[in-house]
Each structure stands twice: as C-alpha cells, then as structure tokens.
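Participant: dropping the sequence and predicted coords here.
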Amino acid sequence: MITFTEVKKVYPGGTTAVGGLSLDIPTGQITVLVGPSGCGKTTSLRMINRMIEPSSGRVAIDGRDTATLEVNELRRSIGYVIQSGGLFPHQSILDNIATVPLLLGWGRAKARARAQELLELVGLDAALAKRYPSQLSGGQQQRVGVARALAADPPVMLLDEPFSAVDPVVRAQLQDEFLRLQAELGKTIVFVTHDIDEAIKLADLVAVLRVGGTLAQFDAPARLLADPADDFVADFLGRDRGYRALGFVAAPGLPISAEPTVPLGATPAEAKQAAGGADWLLVLDAAGAPAGWVEPVRLQAPITAAELHRGGTLARVGGSLRAALDAALSAPSRRGVITDDAGGLVGTVRAQDVLVEIERGPKTGAP
Amino acid sequence: MNWFLGHLDEVGSLMATHAVLASAPLLAGLLLAIPLGWLARRYRVLRTPLIVGTGLLYTIPSLALFILMPLVLGTGILDPLNVVVALTVYTVALLVRTVSDGLASVPEDVLQAASAMGIGRVSRFFKVELPLAVPVISAGLRVAAVSNVSIVSVAALLGIAQLGSLFTDGFARNYLDPIVVGILACIALALVFDLLIVALTKVATPWLRVGSPA
Amino acid sequence: MNLLWEWLADPNNWSGPEGVWTRLVEHLSYSLVTLVIAALVGIPLGLWIGHTGRGRLTVVNLVNGMRSVPTLGLLFVAVLVVGPLLAGDVAFLGPAIFVLVILAIPPILAGAYAGVEGVDPGVRDGARGMGMGELQVLTKVEIPVALPLIFSGLRSAALQVVATATIAASVSVGGLGRFLIDGQAYRDYGEMAAGALLVALLAVCVDLVFAAVQRLVVSPGLAAPNDSLRWRAAPQSVPTTT
C-alpha cells in the first residue's frame, strides 16, 4: 500500500501543484491518477519515487516513510516509465533494460539474461536486443521502457502517460498487453493519464484530481461512471456515461436465440431456404465463426466474402451488457451475434432483450 | 590613445580596405552558396561530395590558402584578390551546409500547400523556401562575417595592407599601441557587420517580429 | 608551380634541424600540448556548465566574442607583454602557447556544454528515476550521449590550433609556419608554397584522424538515422578557422 498523507507541493513562485492530497493506493492493483493539465497528477506520481520532494505531508510505502529511505535505493526499488520513454540512445536495447540490475550489482551475465527474458515478456522480438533505441518504432520503444522498469522485479511501478505518444491503434494494443502483463505479475501500479477512457479501461481504482491538486473522487471505474461525485467529475467523464457504465455490468441471463446460418459459398437457393423469409441471413466462415450478413433476395450467385455486410460487432457470451447491446444495434438484422471464447457462434440477442436485462439489473450500475 | 588620434586617417583607410576585403567574399560566398545549398538539399547524391569537399577546403589554414592562391589564380603574392577568393571559399564552405539546413527547415506542409495552389518550382523557391530559410542562413552568415573580419588581418603577414598591418608594424617596432588599436578596430568592424546582418534579417522576416496571440 | 616542386624535391629541405620533419614534429608538439591543456580546462568546465545549467550565457558570449578577436593581434600583444618577463626561447614559445590555449578553449567548452545540455530531458529523468546518482547520470548517460559534440568541439579546436600555430611562426617559434614566414622574408615563393601545401595537408590529416577516432569512440546508437555525414559534421557546430 502506498499512502499519501496530507501531501502538499508548493513551488517557490507560490503555485500550488498538489494541495493536501490523502490517498491509499492498494497493493497489487492498478490505480490511475487522472485529471486536466495542472491537476498535479504527474507531480503526485513523482513524489512517490522522490523525483519531486513534497513541501509537506508524507508518502509511505507499506508504512515506511519514503523520506527516511536513501533516495537512489528507493528509486531502484520502484519501476518508472515516462511518456518519452527516456531510453538511453547510446546503449543497445538489451543494455537499456539491464540498467537497474547493473546498478544493483547483479553482474553482467545475469543482468543480460534477465533483460533477454523481459524482452520476450513485453512481446518484443529477441532479435531487437542488439538494436539501438533510434532504430525502434514509438510503440516498441514504450515496450522497452516497460521492460526496463520491470527489470529488477520491483513491487511498485510508476507509469507517467506511457502510451500517450503513440497512435491510437498501437495505444490500444499496448493497453491490452499491459492488462495481460498485470494479470500475470500483480504489481502495485500507479498510472498517470489525461485520457479518461484510458483510465476507465485500465484502472482498478481511478483518482480524479482537479486543478490545484485536490482529490475530486476516488472510486472504481463503474462507480465513477454511475455516480460522479460532482459536476466537475461528471463533466470530465464526458458523454455517454450510462452507456459506458454498461461495460462494467455482466450479462449472464440474456436470452440467446438460435440463428439460422449458411456457410460461405452457399447458393442463392440454399440461402433463401435457410433464411425462411427473413431479410438478413448470417454467414459462417470455414471455421464456423460468424463472417457477416447477406440479404438472400439479392443473391445472384454462391456467396463470396466480398458481398458480406460486416458492420456488426460481436459480443462474447458472459460479456458485458454494453457489448451485447452494441452487437444488436450494429447488426443490419438488429440481431446481435454472441460468440463463445473461441469465436464460434452461440446465437443472437435482440436489443429489447438487452434493455429488459438492464431494467432488471442493479439501478446504479454498481459492480 | 594619443597614437590613435595622431593616426586617424591611416586607421580609417586601413579599416575601409579591411571592410571591403571582408565583405566582398561574404556577398560572393552567399550568392554561390544559395544554388549549391539548393543542390545539396535537392539531390541526395550531391550532398555528400558538396559538403565533404567544401568542408575539407574549410580546414586549410588561412595563411596557407592565401599563399597557395597564386598557383590557382595566377596572381602575384601581394594581390588582394588572393584574400578575397580564399575568404569566398571559406564562406561558401560554411554556408552551403547552412543554406541546405535552412531549406530543410521549411515545413513540408507549407511546401505542399504552395504547390497545391499552383505555385511553380522556381517561384516557390524564391517566394516560399528562401524567405523561410532566412533565419537559419542569417545565423550562418553572422558566423562567416565575424570570422572573415578576423581572418583578413592574417594577410598582413604577406604584406597586404588592412587593419592587420597595424599588428605587423607595431610588432616590428615593439610598440603596443597600434596593435591594441588594430584589435579594437577589428572587433568594432565585426560588431558592425553582425548588427547589420541582424538588422537586415529583421527587415526580411517581418513575420517573426510580431508576437503570437496570447 | 615549378618552384614548389623543386623545393619539395630537394632532400636538403627535408632533413636537419630546419628540415620538414623537424618542423612537423615541432608543429605537432605545440598543437598537442595546447590541445591537452585546453581540453583539461574546457571539457570539465563545459560538462559542469551543461550539467548544472549555470553560466550558459557566459559560454555563448565567450564563444561568439572570441571569434571576433583577431588572432594575429592577440598573438603579438601576448609576446610583447608577456615575452619580456620570460627568458630565452620561452619568451616567444610561452606566449604563443598561451594564445593557442586561449583560442582552443571556447570551441571545446562550447562542445562539451552543448553536448550535455542537449541530452533529452526524458533521458536524464529516466536515469535519475531508475536510481542513478548525479555522478552516474553524468558519467553513464550525459557524457556518452554528449560525445559527438564533445568530439566536434575538440576537432574544431584542433584545426584552430594547427592553423594558429602556423601564424605563430611570425613570432619566431618553430613549426611548419617557419617555411611560410621565412620564404616570405627571403622572397622564396617555392619555400612558401611548399610550406603552405604541407600545412594544408597536415590540417586535412588531423581532421581525418579526428573523424576516424570519433567513429570508433561514439556509440552507433547516436547516429541520426540516414545521416551518413555525421563524421564530417565538425566545422558546423563550432566553426572556427584562422
């Protein structure tokens, strides 16, 4: 547990970056600090590894006041990832990752073996080990940054907008892998972002800060969406809060109907027969996974992949109400396709069935 | 001080010669460096030979270059043309890279926009690329101007009259005053050149003088 | 042109206490001594200024200001003022080396300072955040990353020193400059031109040696992508010539 007790940071000019923050950051979970620029989120993060010293108050890790620890030992025991990556341009990727183990005196062979292991853990090709940072893409550099922070297996990791400098597609990939990694490693993670969607996607707990560095709300993402503490938090969360909150509600009891299907390559006659008069018919690929929809009456020849309507999203069985509703709304037939974990077809749901389930569920959207 | 007041005319005429010997190569060098810098920017293959070649010329010490000039130009050793051509070589060496970097500093989207509006190649260069490269080129020009003033004085060792002659005369007569006056006159001349280039740059880049909206 | 080749072809001009080889060794020794002294002063000072950020305005003004001081005048003043205080050959060599050092410090200082100052703040932040002490940040990160600019400062200084050492022959010290100055005094253009050619070759060789050493010492990770010209970057960062 990382404990902030009445922590303040006032700069010489008189600007208050953090104004009396008290916060308990739980062990083994992802806590995201989020807020507009000037809310002191990065300052708060950097006070944990004493890159910035608090003006007053105290920060403790597992009950030990960080001010009493030797600053470089403290930092070596905490993983630190920053937005620009901060990789050393003159060192190979492998040596970059091995930095903290070498500072801790592990010995070159052991440090490099560990670095090689981490390279694979963060999903990078082992062949990149000998490259230099300038030869890597932005996304790859951020992975190296994460690997470098993990190198000495620190119990605590601090991440300062680590994914904000990469494009949205890569960012989503990095976020997914970050969650996979955390499921495996169970670190105590403090993550700073200005992007509320990223906070909601990644966090076990979100701390929303307002300008001047005070805490506006500290809650799980679902609670935050369902019950913002005040107008500031509500504004910051933005639109579609009700809809987004459904992402945290599981839909175990949805009535799933069987859906008639044909395989790719079926003739118009087969399709019309299978559809039994319905406007739209679901087509499966060779593996039995949903591929798209067709309108049987328009078919002139056996179905090819090119004529499929692919607008529908897929929801997993046991997934969230949001995914199920979106599947229904996005399908041209208005029947949302539900798959099993392997991607095989289970059946379809209709929007009205999802709405009935929403009506019946917990009113505040609490988890 | 007394020496200076007694030799005002002499110092004045040496300074005038010095100014000509230092500024003529600056103008000639700039005029040569613009097309060469453009070539270095436009054609990758030419960049290396141009910059390496001029760079090697730049490493040749000035006194040596002054002495070698007659072999190339067929001039006499006392001909001021040696100094002008040698300094032109240095100026070009310094500015080819500066001009090329300056042209490279022009944002690509501005060039695209210019082309998209149908501005032709040549007028795009003179109306868009060159004006926007002025700040970078001007920085290089200031370095060249100040260096030129200092280097011209070396030619006094060969007997070519300018402010450097005050150094050799003073040294020969074991007399400090003319040397100090010569140094101060050189620094003053360098300062005038520098301020002149800064002023011209300001005139040529009115868009840099306005503040951005708060 | 003939005078030049005749002079070079004469073996008497190459050997003995006033021959090319002796003068070359003199020239190189002056230059090396100067460069070592200037580096011992300039590099630590530049690193300190770059690391702490203190006194940066002084460096910029010093470098720009020194460029406008005519080296020949400075050399003569030093010999006339300091010379009489010294005895024998040192009366000329001492002030000459002193001026050479003064001229070599600004480019070295500027290179070291600019190199350290130019280190990406994120890189420095990362180094501290991983628990490096200030000395480790300097030696393990800032100096290696600053190396290309430290080198180009040294390289500019070296060229400056080789050039100014040539001019220093006019105050009766040795080195290849003697041929230029003595040839002028005896109206022997062959000797002057031969000396000038040798000086030019020496400068080019010194530059190439620095380029080669720089390539060996600097981490390949610091090469800007597509910039195969890095090894020729010297005159542009801190241009000086004399």
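Facilitator: Arrived safely, thanks for sending. Numbers count the residues shown, from 1 in each chain, chains lettered A, B, ... in the order given.
Participant: would you mark the buried spots in the helix or strand of chain B with the lowest mean pLDDT?
Facilitator: Sorting the helices and strands of chain B by mean pLDDT, DSSP states H and E puts helix B:2-6 at the bottom, at a mean of 78. The neighbour-count check on helix B:2-6 (16 or more other CB atoms under 10 Å in any protein chain shown) flags nothing as buried. Backbone N, C-alpha and C define where each C-beta goes, glycine included.
Participant: what's the helix or strand for residue 152?
Facilitator: Looking at chain A here, since you left the chain open. Using DSSP states H and E, A:Ala152 sits within no helix or strand.
Participant: chain C was what I was after
Facilitator: helix C:143-167.
Participant: do A:Val208 as well
Facilitator: Going by DSSP H and E, A:Val208 is part of strand A:205-210.
Participant: likewise C:Leu24?
Facilitator: helix C:20-52.
Participant: can you give me the distance of A:Pro155 to chain B?
Facilitator: 46 Å (CB to the nearest CB, to the nearest Å).
Participant: secondary structure element for the closest residue to A:Ala152 other than its chain neighbours?
Facilitator: Spatially, and ignoring its direct neighbours in sequence, A:Ala152 is nearest to A:Val100 (4.4 Å; CB to CB, 6 or more residues apart in numbering or on different chains). Per DSSP H and E: A:Val100 is located in helix A:99-103.
Participant: and the very next helix or strand once past that helix, does that touch chain C?
Facilitator: Next in sequence after helix A:99-103, counting helices and strands by DSSP H and E, comes helix A:108-121. No: in terms of CB under 8 Å from any CB of the partner chain, no part of helix A:108-121 sits within range of chain C; the closest distance is 13.0 Å.
Participant: on that earlier part again, centre of the chain to the least confident helix or strand of chain B, how far?
Facilitator: Between the centre of helix B:2-6 and the centre of its chain there are 31 Å (CA atoms, centre = their mean, to the nearest Å).
Participant: contacts for that helix, please.
Facilitator: B:Val11, B:Asp177, B:Pro178, B:Val181 (CB atoms under 8 Å, 6 or more residues apart in numbering or on different chains).
Participant: buried residues in the longest helix anywhere in chain B?
Facilitator: Longest helix in chain B, counting residues (DSSP state H): helix B:8-42. Going by neighbour count (16+ other CB under 10 Å), the buried part of helix B:8-42 is B:10-11, B:14-15, B:17-19, B:21-26, B:28-30, B:32-34, B:36-41.
Participant: circling back: name the helices or strands packed onto the helix or strand following the helix holding C:Leu24?
Facilitator: Tracing the chain past helix C:20-52, the next element assigned as helix or strand by DSSP H and E is helix C:56-68. In terms of contacts (3 or more CB pairs under 8 Å, 6 or more residues apart in numbering or on different chains; DSSP states H and E), helix C:56-68 is packed against helix B:130-152, helix B:176-204, helix C:20-52, helix C:90-117.
Participant: send me whichever helix or strand comes after helix C:56-68 as CSV with only the CA atoms.
Facilitator: Note on helix C:56-68: by DSSP H and E, the next helix or strand toward the C-terminus is helix C:71-82. The C-alpha trace of helix C:71-82 is given here as CSV (Å, rounded to 0.1, in the frame of the first residue of the first chain):
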residue,chain,number,x,y,z
THR,C,71,44.3,36.0,-33.5
LEU,C,72,47.3,37.7,-35.1
GLY,C,73,46.8,40.8,-32.9
LEU,C,74,46.3,38.7,-29.8
LEU,C,75,49.5,36.8,-30.5
PHE,C,76,51.6,39.9,-30.9
VAL,C,77,50.2,41.5,-27.8
ALA,C,78,50.9,38.4,-25.8
VAL,C,79,54.5,38.2,-27.0
LEU,C,80,55.1,42.0,-26.4
VAL,C,81,53.5,41.9,-22.9
VAL,C,82,54.4,38.5,-21.5
